[in-house]
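K.L.:
sequence unknown, structure follows:
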Ligand SMILES: C[S@@+](CC[C@H](N)C(=O)[O-])C[C@H]1O[C@@H](n2cnc3c(N)ncnc32)[C@H](O)[C@@H]1O
């Protein structure tokens, strides 16, 4: 009754009366069946509910990233020696499947958390934007997470119940890498490796035309359009001849065996050439249906405008999810595709290193705290939905939401046939087939925090943890972490190690974002004392230039005041085993701190690790493979 104006509520009551102009129903982001799926095998993707300009960041949806420390490290040899443990093969397959949903650690700067690896699970924006060999239009804005500030609930040097229980990687955002028209699906840049291998991809939707083919076609299209604009009086016949000539001429020389492919991307009539350019290039012209109408999104999609992240009202809980508008009792707050992890043992962690021959698990991955599970099953479900992982617990009546399977009325239905699979069969399913929804159990006001009841097992585990934590807490202090130093040193110069031992706590190292070039002529190129090459820092100079892959642990050797940069440093970096270099003119803002392996809060001994409970009545009987056995949670 409240929404007769053009606002985000109206999509719940059928098509809105607003003209589709700047945005679809004021909803900037939609979850809807992906162009890359099929009716029988839907995939859910993200769609632009407004037009995005280059480098524009997606609003509101700042996500968490949860590193999996040494995830694919398995003490295989030991397993093989012990015939009672038959996990490796089946785990290798699971790891393969799951890794397809995780990002390399360096996207969020987590590469130092583990000795071996630390891929990061990034729900929402991190996994829902699919891959297409022909186009990418979004990418992570890495600076937003790499240069993040401390959350208000953590105080430097003080213990906190949530340390080790929740991730310290937050504020992961996505940004447009090209103009994204209203209604277009998001395709993430998965990097060149994916491009190279996509040739033998047997997914029917995938386009065998490469991104570079479209780019070459676009160059020709734009040349043609410019040419016709300069000579507007050419006859049609002549124009067509020119199209043929240009295409043959340019392609004959440049494109080799791809010439035919590229040619097929360039329309033959001059009018259509102009249309292709107006559509945003040959890719968008070819895939006009990839751009969905407002009506289509309202009928088939869910507007992801209900939640935002913020510090929880519960002081010990960390981040929480808050309502961005009024939500009525019974309304679906959000819909979330679920990644099934068919064996929770895969989240067990083992000691890493040549000397460790133990198959004794030393703990569980933090991602367990973000998964849904059931004590009678080894199956876990990790929510891939936007911000769904942020919803905290409150018991019974104090909660205002519950989680259940989505249905056809929710537009993005769960595929219920998988409830009849056994856990072993689920382990063979290597695509996302399950979808859950979060439903309001009472009226929720704008700004209210959303709470689920995580269930009795979780509550018991949390109470145990809290009691143990109170008992074991060493006084009132906690070691300083990289993030604490990052905050402190924003306005404080780094220490110069050539003169004095740096005052940083053990477990924390200095690191800089380093792109380098040769030093300009006339300067010494070699440090005789340290016997290393000297090079000059060149970037990052803009927010877009910050990439986790350029983050290297360094020794800061010297410093000098530099009016534009506060301080400039000379640092020593080990780029590879056989490449140690001295880098001059590294500005203050390119330097930071990282936690050394196993020194971050994520590796805190005794940290809380327990999944969220799925309501018993909603958990399929077939999945209860641990029923009757001693619970392994
Ligand atoms: C799914 S996550 C929720 C998001 C989390 N607060 C964060 O900042 O990443 C679940 C974890 O949040 C924390 N949590 C949730 N509800 C809590 C509560 N009522 N009290 C304390 N911690 C809570 C626990 O650490 C739990 O393992």
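P.N.:
Cool, got the structure. Owing to the predicted nature of the structure, the values given are computational and were not obtained by experimental measurement.
K.L.:
need the residues of the chain near the ligand, please.
P.N.:
Where proximity means CB under 6 Å from any ligand atom, the interface of the chain facing the ligand comprises 64, 162, 165-167, 312, 314, 316-320, 369-370, 389-390, 392-394, 608. Every residue, glycine included, has its C-beta placed from N, CA and C.
K.L.:
would you map the helices across the chain?
P.N.:
Residue ranges of the helices in the chain, as given by DSSP state H, are 76-81, 88-99, 125-128, 142-146, 192-197, 211-230, 236-254, 259-265, 270-278, 282-286, 294-300, 423-428, 456-472, 482-488.
K.L.:
low-scoring pLDDT stretches of this structure, where are they?
P.N.:
In the predicted model, the chain carries pLDDT under 70 at residues 1-23, 60, 74-89, 191-207, 253-257, 353-359, 474, 630-633.
K.L.:
domain parsing for it?
P.N.:
What the record gives for the chain is the domain set 8-185+295-452, 208-289, 482-599, from automatic domain parsing.
K.L.:
so which of the helices of the chain gets nearest residue 519?
P.N.:
With distances scored as CB to CB, the stretch of these nearest to residue 519 is helix 142-146 (26.3 Å).
K.L.:
so what does the closest one touch, helix or strand wise?
P.N.:
Identification of packing neighbours for helix 142-146 by 3 or more CB pairs under 8 Å, 6 or more residues apart in numbering; DSSP states H and E yields strand 169-176.
K.L.:
which elements pack onto the strand it packs on?
P.N.:
In this structure, strand 169-176 makes packing contacts with strand 63-67, helix 125-128, strand 138-141, helix 142-146, judged by 3+ CB pairs under 8 Å, 6+ apart.
K.L.:
and of these, who's closest to residue 459?
P.N.:
With distances scored as CB to CB, the stretch of the helices and strands packed on strand 169-176 nearest to residue 459 is strand 63-67 (22.0 Å).
K.L.:
just say which of the helices and strands packed on strand 169-176 is most tucked in.
P.N.:
When the helices and strands packed on strand 169-176 are scored by mean count of other CB atoms under 10 Å, the highest mean neighbour count falls to strand 63-67 (a mean of 27).
K.L.:
each with direction, which strands does that one pair with?
P.N.:
Strand 63-67 has the following sheet partners, assigned by DSSP bridges: strand 120-121 (antiparallel), strand 169-176 (antiparallel).
K.L.:
show me what residue of this structure gets nearest to the ligand.
P.N.:
Nearest residue of the chain to the ligand: residue 318, at 2.8 Å (CB to the nearest ligand atom).
K.L.:
OK, contacts around that residue?
P.N.:
With contacts defined as CB atoms under 8 Å, 6 or more residues apart in numbering, the neighbours of residue 318 are 151, 153, 162, 165-166, 311-312, 392.
K.L.:
surely residue 489 touches residue 589?
P.N.:
No: using CB atoms under 8 Å, residue 489 is not in contact with residue 589; the gap is 10.7 Å.
K.L.:
quick one: buried ones out of the residues of the chain next to the ligand?
P.N.:
Buried positions within the residues of the chain next to the ligand, assessed by neighbour count (16 or more other CB atoms under 10 Å), are 64, 162, 165-167, 312, 314, 317-320, 369-370, 389-390, 392-394, 608.
K.L.:
okay, and which of the residues you listed map to strands?
P.N.:
Judged by DSSP state E, strands contain the following of these: 64, 319-320, 392-393.
K.L.:
tell me the two of those that are most distant?
P.N.:
Taking CB to CB as the measure, these reach their widest spread between 64 and 393, a distance of 16.2 Å.
K.L.:
the nearest residue to residue 481 once chain neighbours are set aside pairs with what?
P.N.:
Nearest residue to residue 481 in three dimensions, chain neighbours excluded: residue 595, at 5.8 Å (CB to CB, 6 or more residues apart in numbering). Beta-bridge partners of residue 595, counted by DSSP bridges, are residue 508.
K.L.:
so what's the residue count around residue 595?
P.N.:
22 (other CB atoms under 10 Å).
K.L.:
next one: it from residue 511, what distance?
P.N.:
Distance, residue 595 to residue 511, using CB to CB, to the nearest Å: 10 Å.
K.L.:
and if you look at residue 489?
P.N.:
Between residue 489 and residue 511 the computed distance is 12 Å (CB to CB).
K.L.:
okay, and the common contacts of these two?
P.N.:
Contact criterion CB under 8 Å, 6+ apart; residues bridging residue 489 and residue 511 by contacting each: 591-593.
K.L.:
between the residues you listed, which has the most around it?
P.N.:
In the shared contacts of residue 489 and residue 511, the most neighbours by other CB under 10 Å go to residue 591, 24 neighbours.
K.L.:
might you report the residue contacts of it?
P.N.:
With CB under 8 Å, 6+ apart as the criterion, the residues that contact residue 591 are 489, 494, 510-513, 554, 556, 569, 571.
K.L.:
tell me, what residue is most central in the protein?
P.N.:
Ranked by distance to the mean C-alpha position of the chain (CA atoms, centre = their mean), the top residue is residue 126 at 2.8 Å.
K.L.:
OK, contacts around it?
P.N.:
Here residue 126 is in contact with 63, 65, 103, 120, 140, 172 (criterion: CB under 8 Å, 6+ apart).
K.L.:
what of residue 569?
P.N.:
494, 496, 512, 556-560, 586-588, 591 are the contacts of residue 569 under CB under 8 Å, 6+ apart.
K.L.:
over to residue 233?
P.N.:
Residue 233 sits next to no residue when contact means CB under 8 Å, 6+ apart.
K.L.:
how about the backbone phi and psi for it?
P.N.:
Its backbone dihedrals place residue 233 at phi -90, psi 10, with angles given as degrees, to the nearest 10.
K.L.:
for residue 274, see how far away it is.
P.N.:
Following CB to CB, the distance that separates residue 233 from residue 274 is 16 Å.
K.L.:
now do the strands in the stretch 501-633 of the chain.
P.N.:
Counting by DSSP state E, counting those that start in this stretch, one finds strands in the stretch 501-633 of the chain at the ranges 508-513, 515-518, 526-527, 532-539, 551-562, 566-576, 579-587, 591-595, 612-613.
K.L.:
sorry, back to before: and the helices of the chain as JSON lines, adding distance to residue 338?
P.N.:
Written out in JSON lines, the entries for these read as follows (distance: least, CB to CB, whole Å):
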{"stretch": "helix 76-81", "distance to residue 338": "28"}
{"stretch": "helix 88-99", "distance to residue 338": "13"}
{"stretch": "helix 125-128", "distance to residue 338": "11"}
{"stretch": "helix 142-146", "distance to residue 338": "24"}
{"stretch": "helix 192-197", "distance to residue 338": "24"}
{"stretch": "helix 211-230", "distance to residue 338": "31"}
{"stretch": "helix 236-254", "distance to residue 338": "46"}
{"stretch": "helix 259-265", "distance to residue 338": "38"}
{"stretch": "helix 270-278", "distance to residue 338": "40"}
{"stretch": "helix 282-286", "distance to residue 338": "31"}
{"stretch": "helix 294-300", "distance to residue 338": "19"}
{"stretch": "helix 423-428", "distance to residue 338": "11"}
{"stretch": "helix 456-472", "distance to residue 338": "18"}
{"stretch": "helix 482-488", "distance to residue 338": "30"}
